[in-house]
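Student: Here is a sequence together with a model predicted from it:
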Amino acid sequence: MSEIIIPSSYELSLQAELRQSIEEWQKEVATLLPTLPPEVTIEFDNQHLTPGFGTGGVAWSPNVIKLAYDPTFCTNHKELMDELRATYFHEAYHLARGVSFESTPHDLPAINNAIEEGLATKFEVAHTNSKPGYEQYEDRETMLDWLKEVKGLPDGFDYE
């Protein structure tokens, strides 16, 4: 791992814990994803917080993951760290597949993005035992309706 950039506004003990945890996660995920770039920079950027989670992330470029972590989020610290670990695994999976915000064409059909997110979510769940709300699926009829809706979207993905 080349660098872990943590906000100086975080307490020193939290900075140390985040750094140590990410180094451990990196070793763990590297054994599962041999195509993961050997040098991955982690930048904390709370512009990528997922509403209602206290964490978030994005595979930003081929070797950069931006993680979000809100230490004031209303949950216990262990749950928040478990969620951050799941997010790290999810975003690392994207990098291992060569998928990132900067490197993936933004004019692909929406179904491509849906598939990539589904794959990363399944990897996250399988290896971290997370249970994210976005992994819960509806009945078959609803899912088929959603598939029609996604297929009907214009090419390109509006990341906002």
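Tutor: Happy to help now that I have it. Numbering: from 1, shown residues only.

Student: close enough to count as contact, residue 56 and residue 65?
Tutor: No - the pair residue 56 / residue 65 is not scored as a contact, 11.1 Å apart, by CB atoms under 8 Å. Every C-beta, even on glycine, is put in place using the N, C-alpha and C of the backbone.

Student: Tell me which of those two has more neighbours.
Tutor: Between residue 56 and residue 65, residue 65 has the larger neighbour count (other CB atoms under 10 Å), namely 26 against 21.

Student: Next up, phi/psi of that one, please.
Tutor: phi -110, psi 130 (degrees, to the nearest 10).

Student: okay, it: pLDDT?
Tutor: Listed pLDDT for residue 65 reads 97.

Student: and it, what is it in contact with?
Tutor: Counting by CB atoms under 8 Å, 6 or more residues apart in numbering, residue 65 makes contact with 40-43, 57-59, 88, 91-92, 95.

Student: In contact with residue 12, which residues?
Tutor: Not one residue lies near residue 12 by CB under 8 Å, 6+ apart.

Student: now the host helix or strand of residue 91: how far from the chain's centre is it?
Tutor: Per DSSP states H and E, residue 91 falls inside helix 77-96. How far helix 77-96 lies from its chain's middle: 6 Å, per CA atoms, centre = their mean, to the nearest Å.
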